[in-house]
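**Student:** I would like the atomic coordinates for the input below:
(one chain, ligands or ions: 1)
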Amino acid sequence: MTAPEDLQWLARAVELSRLCPPSKTAFSVGAVLVGADGEVLSEGYSREIDAHNHAEEAALAKLPADDPRLRTATIYSSLEPCGQRASRPRTCAQLIIAAGIPRVVVAWREPDLFVTACQGTALLISAGVTIVELPELAEAARAVNAHLLG
Ligand SMILES: [Zn+2]
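**Tutor:** Numbering: from 1, shown residues only. A predicted model of the protein is given here:
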């Protein structure tokens with residue numbers, strides 16, 4: 001199920017991905033956390049806080065882990081949340097599940113570039129999280145990473 005606002009918030013996530021410090025070894029991703037009442041709770045982008053930050057992680061780090069608004073929030077990410085990563089013990093899929101966020105909207109599925117077959121979507125679905133893909137914005141999300149994709 002999608003709402004007209006979904007496209008707008010996801011476009012904001014793609015816009016944030018353009019702020020990422022450049023990297024040759026990691027994607028540039030943006031994320032926006034929006035509460036049930038349509039209020040922006042936080043935003044983040046890859047490498048915003050340190051060199052290994054992922055966008056969803058940066059956005060979540062700006063809120064208390066027990067913020068009750070997370071339980072009804074939607075997180076918009078320009079790329080599917082990671083299900084495996086080398087740089088941190090917890091993946092973004094795990095962070096989203098732990099925060100109790102019930103809904104994830106993404107523009108682009110992770111290509112098999114840094115990991116083989118990203119498991120993020122499968123992990124989220126198995127935890128009962130609703131995941132919505134808006135392919136309308138996939139090209140825009142991909143374009144920010146064109147230098148990685150050759
Ligand atoms: Zn991640």
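**Student:** In this protein, spot the helix with the most residues.
**Tutor:** Counting residues, the longest helix found in the chain (DSSP state H) is helix 4-17.
**Student:** Which elements pack onto the following helix or strand past that helix?
**Tutor:** Going down the chain from helix 4-17, the next helix or strand is strand 30-34, by DSSP states H and E. In this structure, strand 30-34 makes packing contacts with helix 4-17, strand 40-45, helix 55-61, strand 74-77, judged by 3 or more CB pairs under 8 Å, 6 or more residues apart in numbering; DSSP states H and E. C-betas here are computed from N, CA, C, even on glycine.
**Student:** most packed of those?
**Tutor:** Scoring these by mean neighbour count under mean count of other CB atoms under 10 Å gives strand 74-77 as the most buried, with a mean of 29.
**Student:** what's it packed up against?
**Tutor:** Using 3+ CB pairs under 8 Å, 6+ apart, strand 74-77 is in contact with helix 4-17, strand 30-34, helix 55-61, strand 103-106.
**Student:** closest one to the ion among these?
**Tutor:** helix 55-61 (5.7 Å; CB to the ion).
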